[in-house]
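J.: sequence plus the predicted model coming up.
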2 protein chains.
Amino acid sequence: MVRGKTVIERIENTTSRQVTFSKRKSGLFKKARELGVLCDAQVAVVLFSNTGRLYDYSNCNSGYARLTSDSY
Amino acid sequence: MVRGKTVIERIENTTSRQVTFSKRKSGLFKKARELGVLCDAQVAVVLFSNTGRLYDYSNCNSGYARLTSDSY
DNA sequence: GATGCTATATATAAATT
DNA sequence: TAATTTATATATAGCAT
């Protein structure tokens, strides 16, 4: 995004990869939340980091969102 | 984002809401794909528009992603 | 109603602290 | 290592078609 266009390929440096994961996860969840509100839509986002940790966002209580929340 | 900062609240005009849904859905899926590649993460995104239509993106074959793909 | 265009808001990579 | 800053890439709202 800055100081040299980012190429979309796996980030090999572990620290950089974790930092990027954290930042982009926040961005993705924010976008998901905005889409839900603006467009009156139901949204679910589920991520597994490459360390196996689960992160999710949802604005609804049924369907897929319920599947995810039932699972942990 | 432009010509007046967007307030994050339900878009009442049906046409505008559908246009925004389509555009932001594309953006969200793109961000999800980039996060998966850059950070070697598994990602699943599921959306229901307010017309009840399902849209999803995933880069993985197991866990929640399999739940979603098994369901339709 | 869908699509393409731009001006501008937003996200974020790298640097810095 | 984690938070903050900043320069720049990216996303997108409103228009035009």
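T.: Perfect, I can see it now. Numbers count the residues shown, from 1 in each chain, chains lettered A, B, ... in the order given.
J.: only alpha carbons, please: show the longest strand along chain A as PDB.
T.: Longest strand in chain A by number of residues (criterion: DSSP state E): strand A:42-48. The C-alpha trace of strand A:42-48 is given here as PDB (Å, rounded to 0.1, in the frame of the first residue of the first chain):
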ATOM      1  CA  GLN A  42     -26.100 -10.600   7.500                       C
ATOM      2  CA  VAL A  43     -22.300 -11.100   7.600                       C
ATOM      3  CA  ALA A  44     -20.000 -13.800   9.000                       C
ATOM      4  CA  VAL A  45     -16.200 -13.800   8.700                       C
ATOM      5  CA  VAL A  46     -14.100 -16.700  10.000                       C
ATOM      6  CA  LEU A  47     -10.300 -16.700  10.000                       C
ATOM      7  CA  PHE A  48      -7.700 -19.200  11.100                       C
END
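J.: relative to B:T20, how far out is the residue nearest the centre of chain A?
T.: Geometric centre of chain A, nearest residue: A:K25, 4.1 Å, by Cα atoms, centre = their mean. For A:K25, the distance to B:T20 equals 23 Å [Cβ to Cβ, to the nearest Å]. For the C-beta atoms, the positions are set from N, CA and C on the backbone; glycine is no exception.
J.: repeat for A:K30
T.: Spatial separation of A:K30 from B:T20 under the definition Cβ to Cβ is 16 Å.
J.: out of the two, which sits in the busier spot?
T.: For A:K30 and B:T20, the more surrounded residue by other Cβ atoms under 10 Å in any protein chain shown is B:T20, and the numbers stand at 17 against 13.
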